[in-house]
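Q: please work out how this folds:
(one chain, ligands or ions: 1)
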Amino acid sequence: MSAGTGAGRGLVLDGTVHRGSFELALRMEAGPGEVVGVLGPNGAGKSTLLRAVAGLELLSSGTLAVAGRVWQDGTTALRPEERAAGVVFQDYRLFPHLDVLDNVAFAARAAGVRRSEARDGAAGWLSRLGLHDLARRRPAQLSGGQAQRVALARALAREPDVLLLDEPMAALDAGARLEVRGFLRTHLADFGGPVVLVTHDPLEAMVLADRLVVVEGGRLVQQGTPAEVARRPASTYVARLMGLNLWSGRLGHDGRVELDRGGSLALATDATPGRVLVALRPSAISVHTGRPGGPDGPGASPRNQWSGRLASLERLADRVRLQVEGRPGALVDVTAAAVAELGLVEGREVWLTAKATEVEAYPESRPAPLAPG
Ligand SMILES: Nc1ncnc2c1ncn2[C@@H]1O[C@H](COP(=O)(O)OP(=O)(O)OP(=O)(O)O)[C@@H](O)[C@H]1O
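A: Below you'll find the predicted structure:
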């Protein structure tokens, strides 16, 4: 889906929301058919953003419009029930006393549609989503994955102008998460309106979102396609999330970046001298237990090498992540075999090397303004 196009028919939020002493100040758009993933650390304001769209919090200033209709501005504030928003929460929030069919029929019933007609409509949604076998079950008889699929059916059955998903997979175990992720991927693509998906999980964001918006401390710090954000993270939080090393520094005319927190790295590419962020994949760094090439070795080694102390080892799915203190400190990924062969233990002095071609540098800048809708 194209970013930013036709946002007039999508969602446009430009304003501030206050909750106690916290302020969210944001401009964001989600075009029709576009899935925007909102990422951010705890307390960043992600839920506040969704609540403001749903009408559970009011904007202190600014405007919110969805599908060409103003939901809030200086003079208007639609009540939550007047907003055509389909919301899916992490804890499903199905009505426990109603079976699945009546849960999905609920919005139509609340809008005054006759019971038989509302149930026919709900049955249609359940069939479309492959959930008709669950129609007669009560929420207590559903697994977490099933409950969350029903919650999506209920949200879609409202025929909303925007879908709001608040950490929809956070309460699920790994198996159900995979299942629901596939389900969302299929059915979000069929929904023609804007989707705002709040998540902590970078994989979920990568798989489901067309565009990412990163919020920290109530402010937008970065937005872009998942690939852009992963390649050039704008903050340490994003870099960690994407599993990258990120340092800030100053690039000189000699092609070396002097890092703010010590050390320097050589680049292979031409970048404009000045303030930069430097990203390096943990798997692009090699570990050695002695100085590469020996103390007086020939210059055959890669252009970046530095020493450090192994602070910790963490087993990941298919590798081991090392945290090395040094100048610069770095995350390094190696195989379990390498850990054994090199005798890597906490506290050990190591040498790190990285090819200059692996070092990605880009200007340290404020997020680019949104393209006009
Ligand atoms: N009812 C409230 N009254 C006052 N402040 C609140 C209230 N609820 C949340 N806050 C504050 O608003 C800020 C943003 O909270 P919010 O829940 O939007 O963050 P979040 O990004 O969704 O975090 P999390 O990932 O932990 O859910 C936090 O600093 C929080 O302390």
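
Q: can we go C-alpha only for contacts and neighbour counts from here?
A: Will do.

Q: where does the prediction get shaky in this structure?
A: Applying pLDDT under 70 to the chain flags the ranges 1-8, 294-302, 365-373.

Q: residue boundaries of the helices in the stretch 1-150 of the chain?
A: Along the stretch 1-150 of the chain, the stretches classed as helices by DSSP state H, counting those that start in this stretch are 46-54, 100-110, 115-128, 144-157.

Q: which positions in the stretch 51-200 of the chain make contact with the ligand?
A: Taking Cα under 6 Å from any ligand atom as the criterion, the ligand has no neighbours within the stretch 51-200 of the chain.

Q: can you lay out the helices of the stretch 1-150 of the chain as CSV showing mean neighbour count?
A: Converted to CSV, the helices of the stretch 1-150 of the chain look like this (neighbours: other Cα atoms under 10 Å):
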stretch, mean neighbour count
helix 46-54, 22
helix 100-110, 23
helix 115-128, 17
helix 144-157, 24
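
Q: burial check on residue 28, number of neighbours?
A: 19 (other Cα atoms under 10 Å).

Q: separation between the nearest residue to it once chain neighbours are set aside and the ligand?
A: Closest residue in space to residue 28, ignoring its immediate chain neighbours: residue 13 at 5.4 Å, by Cα to Cα, 6 or more residues apart in numbering. According to Cα to the nearest ligand atom, to the nearest Å, residue 13 and the ligand sit 15 Å apart.

Q: what's the burial count for residue 13?
A: Look at residue 13: counted by other Cα under 10 Å, it has 22 neighbours.

Q: again, but for residue 76
A: Number of residues near residue 76 (other Cα under 10 Å) recorded here: 11.

Q: wait, residue 40 touches residue 219, no?
A: No. The pair residue 40 / residue 219 is not scored as a contact, 9.9 Å apart, by Cα atoms under 8 Å.

Q: the two: which has the busier surroundings?
A: Neighbour count, other Cα under 10 Å: between residue 40 and residue 219, residue 40 has more, with 25 against 17.

Q: how about the more buried one: what's its closest non-neighbour residue?
A: residue 215 (5.0 Å).

Q: ok, residue 129 - how many residues close by?
A: Burial of residue 129 is recorded as 16 neighbouring residues (other Cα under 10 Å).

Q: how about it: what's its closest non-neighbour residue?
A: residue 153 (7.2 Å).

Q: now do the same contact list for residue 118.
A: 105-106, 108-109 (Cα atoms under 8 Å, 6 or more residues apart in numbering).

Q: the same query, at a cut-off of 6 Å, please.
A: Residue 118 is in contact with 105, 108, counting by Cα atoms under 6 Å, 6 or more residues apart in numbering.

Q: re earlier: just grab the bridge partners of the residue nearest to residue 28 for me.
A: The partner list for residue 13 in beta bridges (DSSP bridges) reads residue 28, residue 64.
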